[in-house]
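1. Next input, structure requested:
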Amino acid sequence: MTGENNGVGPSPQLNVLAQYIKDLSFENPHAPQSLAPQEKSPNINIQVNVSARQLNDNDFEVGLQIEGSAGEDANVLFQFELDYAGVFKLQNVPQPDIHPIVMIECPRLLFPFARQIIADAVRNGGFPPLLLEPIDFVALYRQRAESAQQESPVLS
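-> Prediction:
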């Protein structure tokens, strides 16, 4: 997103300044027994959260928190937690567009890297790689907006 937009002024820009693992945890609590072939596919549970904080006028740190596990209760095969973040610079972005860009587009850019980190960690833990399905960050954003609106309704 660079360049001019038909002489109307500078066009909006979104630049990735850095990407990094803030925290990564992988547990294989029942190894080596958990590494034996399974009779059926384990239940996979995944939770995703997006967080953001403004660092200065144009820079934002956006975090993608992904937690998951395979198995249930005492039969957990593995579990993981990943907090993957990036620093993004937004320039010439209209104020109403900043929040959706930070909470939708930035995590969308981070996700492929977080997905690969998780796949590698699970594979290195002795299991087939866990390839997460793409996440619809627009739907996630809308869901969070609706739940926030329900928690604090506007009085009219």
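2. Parallel or antiparallel, list what pairs with the helix or strand hosting A85.
-> Assigned by DSSP states H and E, A85 belongs to strand 78-91. Sheet pairing for strand 78-91, assigned by DSSP bridges, gives strand 13-27 (antiparallel), strand 59-70 (antiparallel).
3. At the geometric centre of the protein, which residue do we find?
-> Nearest to the geometric centre of the chain sits L64, at 3.0 Å (Cα atoms, centre = their mean).
4. For that residue, give me its contacts.
-> By Cβ atoms under 8 Å, 6 or more residues apart in numbering, the contact list for L64 reads V48, N49, V50, L82, D83, Y84, A85, P107, L110, F111, A114. No exception for glycine: its C-beta is placed from N, CA and C like everyone else's.
5. Give me the average confidence score over the strand holding A85.
-> What strand 78-91 shows for mean pLDDT is 97.
6. Can you tell me what sits against the helix or strand of the chain with the lowest mean pLDDT?
-> Scoring the helices and strands of the chain by mean pLDDT, DSSP states H and E places helix 137-151 at the bottom, with a mean of 85. In this structure, residues lying in contact with helix 137-151 by Cβ under 8 Å, 6+ apart are V48, V50, P100, M103, I104, E105, P107, R108, F111.
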